[in-house]
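Asks: Give me a 3D structure for the following:
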Amino acid sequence: EVQLVESGGGLVQAGGSLRLSCVVSGFTFHAYYISWYRQAPGKERERVACISSSNDDTEYADFVKDRFTISRDNAIATAYLEMKTLRPEDTAVYYCTTSVASCEPPLRWGQGTQVTVSS
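Replies: I've put the predicted structure just below:
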């Protein structure tokens, strides 16, 4: 069974940091791109960051550049999203996804982890 399990969300004050994790099982992790998406209440889901299967290329949405860092450890089938200098507008449910050969389209989704940033 394919599973993506996110963790690490929580409540943090503006300016603070969080590290999200996505543990993957049930398929060949190192063969897939990994992306992090987020969805805030009443808003469209948006892609935050993406990392290639070989761990040598990353992409970021403009609104998180220089604040968030995506990484992965293929040896333990886990992806991360390091978030710094968090802002209230970063409040959302964050999801990890997998895709083949590029960042889109996402094929599988985790259940999400809530990030809440207070002002």
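Asks: For Glu89, which three-state class applies?
Replies: Here Glu89 is recorded as helix under DSSP: H, G, I helix; E, B strand; the rest coil.
Asks: residues contacting it?
Replies: Applying C-beta atoms under 8 Å, 6 or more residues apart in numbering to Glu89 gives the contacts 40, 63, 117. C-beta coordinates here come from the backbone N, C-alpha and C atoms, glycine included.
Asks: Over to Tyr95?
Replies: By C-beta under 8 Å, 6+ apart, the contact list for Tyr95 reads 6, 36-39, 45, 109-112.
Asks: Need these in TSV (columns: pLDDT, secondary structure and distance to Asp90).
Replies: TSV is the format used below for the contacts of Tyr95 (pLDDT from 0 to 100; DSSP: H, G, I helix; E, B strand; the rest coil; distance: C-beta to C-beta, whole Å):
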residue	pLDDT	secondary structure	distance to Asp90
Glu6	98	strand	15
Trp36	98	strand	12
Tyr37	98	strand	13
Arg38	98	strand	8
Gln39	98	strand	12
Arg45	96	coil	14
Trp109	95	strand	19
Gly110	94	coil	18
Gln111	96	coil	19
Gly112	97	coil	14
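Asks: Generate a PyMOL selection restricted to the buried subset of the residues you listed.
Replies: Selection of the buried residues among the contacts of Tyr95 in PyMOL, burial being defined by 16 or more other C-beta atoms under 10 Å:
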select buried, resi 6+36+37+38+110+112
